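# Got a predicted structure here, sequence first:
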Protein chains: 2
Amino acid sequence: MRITAKAKQETRTRILETARKLFLEKGFEQTTTRDIASLAGIAAGTLFNYFPSKEELGTTLLAEALDEAKTDFLAKRHGEEDLAELLFAHAMAGLRMLAPYRTAVAPIIEVGMSPFASNGSCEGNRIRSEHLETVADLIANSGPNTQPSFVVMHLYWTLYLGVLAFWSGDESPNQEDTLAILDQSMRLFVSSLNEERVVKEDSSDE
Amino acid sequence: MRITAKAKQETRTRILETARKLFLEKGFEQTTTRDIASLAGIAAGTLFNYFPSKEELGTTLLAEALDEAKTDFLAKRHGEEDLAELLFAHAMAGLRMLAPYRTAVAPIIEVGMSPFASNGSCEGNRIRSEHLETVADLIANSGPNTQPSFVVMHLYWTLYLGVLAFWSGDESPNQEDTLAILDQSMRLFVSSLNEERVVKEDSSDE
DNA sequence: GAAATTTTGTGAGCGCGCTCATTTTTCTCC
DNA sequence: GGAGAAAAATGAGCGCGCTCACAAAATTTC
């Protein structure tokens, strides 16, 4: 049992590494699952014993990178900055880790993480909820209003995806235009948060 | 030549009507191009003489609805309201016309109108640029700063897509939650516009 | 260690969107 | 109206993601 479990794990990572290699080499859509399978030394169907879809293979790679980014971010001390700066740093940590995939991620993010209900990628959902959880924590630690509404969180995710979309196609040197958009998006988000706080205070009279 | 041109037009609209019917009946992804073709009385391949892709068939339907919405919106007088209200009304006009498609649009919008560069649907691009053009006009007529930056327009499109995404899955009665999100999004956008105006005024000193 | 059982691997094949060589129809010109 | 050219329709077929009936291998049971 031990041997088999280990072998399975090895196959899984071999598939992941092969997929990463090919996605980066030829792009996500130009890489076929048969390509990945044959280069990984397994049958075409076997790949789907390990990952339910090609999409999920992609999101798993992104999730790995973003998990690492999250660890990095939480390891650093972020004591005195204001919320907008924290959110900026948080998103930047993710972009840094995703950097190698930048030009290849668009199709993966587009359908794997989109706010449209259709999406069913479970790794994509995990990425979203983990990211939003961190954001909610940062908000909670920054002011009196502990629980941001789901409307606000939807707004955040919209803005974040907009940044990712821009970033994935950003042709400016070192993607510096992305920094401007990210900065503006996060500050805008914080201001909408503050507005909601005011509204809540108002309505708490009744 | 006349006769053929007319026949072609008829076939084209028959395809569109058939597609609309089936998309609404079974959803976009559950409808195959063969379904559409056979119900429209043409061969499978003929469909692609009229539309380059299934995706384009979908975006064409949306574009029709949104064109009509635009006409409706521009016909009404919008004299005294402030910019946020105008933008709200503009977006609402679109949502009203898209209403029948609400639960079916997600996959079409997701890939046809997404801000991700990958997308190549030409009707989708037309929808975006027409919509943004109207928005830019509304902005221009509302204040001194005639030309909003492309960063701002990107932000607008991000927020608008976020609203569409929410709306397509909104389970609240009459999608009233969508109204709240739309309102908040548009007001947020306007406030970011004003911020940019201030910044521009500041930097115009140098 | 053989038999039974469970787990894992396999690849032929399905249905999809879409292409393209070919056939069929329509138009043009005398 | 018949010959030739142009336009349009056709459907067999491709490559894709993915499934599934079956085979092979590993594990458990005796």
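Thanks, I have the structure now.

# Check chain A for its longest helix and report it.
Longest helix in chain A, counting residues (DSSP state H): helix A:176-203.

# Residue A:38 and residue A:31, how far apart?
Distance, residue A:38 to residue A:31, using C-beta to C-beta, to the nearest Å: 12 Å. (Each C-beta comes from the backbone N, C-alpha and C, glycine too.)

# Can you list the low-confidence ranges for chain A?
A:1-3, A:117-120, A:145-146, A:196-206 (pLDDT under 70).

# Got phi/psi on the residue of it at minimum distance from DNA strand C?
Here chain A gets closest to DNA strand C at one residue, residue A:45, 1.7 Å apart by C-beta to the nearest atom of the strand. Phi and psi for residue A:45, reported as degrees, to the nearest 10, are phi -70, psi -30.

# For the residue nearest the centre of chain A, which three-state class applies?
Centroid-nearest residue in chain A: residue A:127, 5.2 Å away (criterion: C-alpha atoms, centre = their mean). Per DSSP: H, G, I helix; E, B strand; the rest coil, the secondary structure class of residue A:127 is helix.

# Show the contacting residues for it.
If you count contacts by C-beta atoms under 8 Å, 6 or more residues apart in numbering or on different chains, residue A:127 has them with A:59, A:62, A:63, A:66, A:112, A:113.

# wouldn't the last one be in contact with residue A:59 here?
Yes - applying C-beta atoms under 8 Å as the test, residue A:113 and residue A:59 come out as touching, 7.4 Å apart.

# Can you pull the residues that touch both of these two?
A:121, A:124, A:127.

# Look at residue A:38 and residue A:31 and report which has more neighbours.
residue A:31 (22 against 14; other C-beta atoms under 10 Å in any protein chain shown).

# Secondary structure element holding that one?
Here residue A:31, judged by DSSP states H and E, is contained in no helix and no strand.

# hang on, isn't it packed against residue A:20?
No - taking contacts as C-beta under 8 Å, residue A:31 lies outside contact range of residue A:20: 10.2 Å.

# and for the two, which residues touch both?
Here residue A:31 and residue A:20 have no joint contacts, going by C-beta under 8 Å, 6+ apart.

# and stretch A:74-88, anywhere near chain B?
No - judged by C-beta under 8 Å from any C-beta of the partner chain, stretch A:74-88 makes no contact with chain B; its nearest approach is 12.7 Å.

# quick revisit: narrow the contacts of residue A:127 to those in helices?
Members of the contacts of residue A:127 lying in helices (criterion: DSSP H): A:59, A:62, A:63, A:66, A:112.

# Among the residues you listed, which one lies nearest to chain B?
residue A:112 (10.9 Å; C-beta to the nearest C-beta).

# Quick check: the gap between that closest one and residue A:38.
24 Å.

# again with residue A:78
46 Å.

# go on, residue A:160?
Where residue A:38 is concerned, residue A:160 sits at a distance of 36 Å (C-beta to C-beta).

# Give me the neighbour count for residue A:30.
A count of neighbours around residue A:30, defined by other C-beta under 10 Å, yields 11.

# and it, backbone torsions?
Torsion angles, degrees, to the nearest 10, at residue A:30: phi -80, psi -10.

# again with residue A:143
Here is the backbone geometry of residue A:143 (degrees, to the nearest 10): phi -170, psi -180.

# hang on, isn't it packed against residue A:82?
No - Residue A:143 is not in contact with residue A:82 according to C-beta under 8 Å; the separation is 10.2 Å.

# Distance from the chain centre to stretch A:181-193, please.
Chain-centre distance of stretch A:181-193: 18 Å, with C-alpha atoms, centre = their mean, to the nearest Å.

# repeat for stretch A:108-121
Remark: stretch A:108-121 is offset 11 Å from the chain centroid, using C-alpha atoms, centre = their mean.

# For residue A:147, which residues are in contact?
A:136, A:140.

# helix, strand or coil for it?
Judged by three-state DSSP, the three-state class of residue A:147 is coil.

# and the gap between it and DNA strand D?
For residue A:147, the distance to DNA strand D (C-beta to the nearest atom of the strand, to the nearest Å) stands at 36 Å.

# so the closest residue to residue A:78 other than its chain neighbours, which of the three states?
The shortest distance from residue A:78 to any non-neighbouring residue, by C-beta to C-beta, 6 or more residues apart in numbering or on different chains, is to residue A:86 (5.5 Å). Following three-state DSSP, the label given to residue A:86 is helix.

# try residue A:38
Of the three states, residue A:38 takes helix under three-state DSSP.

# Name the nearest residue to it, sequence neighbours excluded.
Closest residue to residue A:38 apart from its sequence neighbours, by C-beta to C-beta, 6+ apart: residue A:44 at 7.7 Å.

# Contacts only, for the one you found.
A:33, A:34, A:37, A:38.

# May I see the buried residues of whichever strand or helix holds residue A:151?
In this assignment (DSSP H and E), residue A:151 forms part of helix A:150-168. The neighbour-count criterion (16 or more other C-beta atoms under 10 Å in any protein chain shown) identifies A:151-168 as the buried residues of helix A:150-168.
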